[in-house]
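# Could you work out the structure for the sequence below:
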Amino acid sequence: MTSEPSAIEAASTGQLLRRDRKLAGLTAQELAHEVNSRYPDDAISATVVFNIEAERKTAITIPELAHFAEVPAISPIQLLCDCDQPYLPARSGAFQGRTARQVIEAVSYTHLRAHETRR
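Numbers count the residues shown, from 1 in each chain. Sure, this is the predicted structure:
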């Protein structure tokens, strides 16, 4: 079982998923059921949710991340970096070591550049 982040440590993706799931009033089983009802090919179980939250499963695909964020209607970025602690380094994936502020700026810049090249 993982501990909650300290005041000087940003939360992990698992801790952020658990926090946002609970804020939405969902159990792990309800979150998994909701993802599966929207995306039946994903076959997400409550065990997968528990393993992510306990940091036993750290390789999370972009579609999984997007689907987990969609259910409580949050941005996937909120599961990658601790937006409540914007100046602490992220602990997850490709953004590890970057602050939430840097991640948001990088994603916004990439989105803007992609939009400009489509014109």
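
# show me the contacts for the residue at minimal distance from the centre of the chain.
Nearest to the mean C-alpha position of the chain, by Cα atoms, centre = their mean, lies L79 at 2.0 Å. Contact analysis of L79 by Cβ atoms under 8 Å, 6 or more residues apart in numbering lists T13, L16, L17, D20, L65, F68, A69. Where you see a C-beta, it was placed from the backbone N, CA and C, and this is true even at glycine.

# Quick check: it vs A24, distance?
Distance of L79 to A24, given as Cβ to Cβ, to the nearest Å: 12 Å.

# And V103, by the same measure?
Taking Cβ to Cβ, one finds V103 at 22 Å from A24.

# just Q85 next, same as before
For Q85, the distance to A24 - Cβ to Cβ - is 20 Å.

# try H67
Using Cβ to Cβ, we find H67 at a distance of 14 Å from A24.

# For these two, indicate the residue with more neighbours.
Each of H67 and A24 has its neighbours counted (other Cβ atoms under 10 Å); H67 has more, 19 against 14.

# who are the neighbours in contact with that one?
For H67, the contacting residues are V35, R38, Y39, D42, I44, by Cβ under 8 Å, 6+ apart.

# Go through the helix or strand containing it and flag the buried ones.
Per DSSP states H and E, H67 falls inside helix 62-70. Residues of helix 62-70 classed as buried by neighbour count (16 or more other Cβ atoms under 10 Å): E64, L65, H67, F68, A69.

# OK, contacts around the last one?
Contacts for A69 (Cβ under 8 Å, 6+ apart) come out as D20, S75, P76, Q78, L79.
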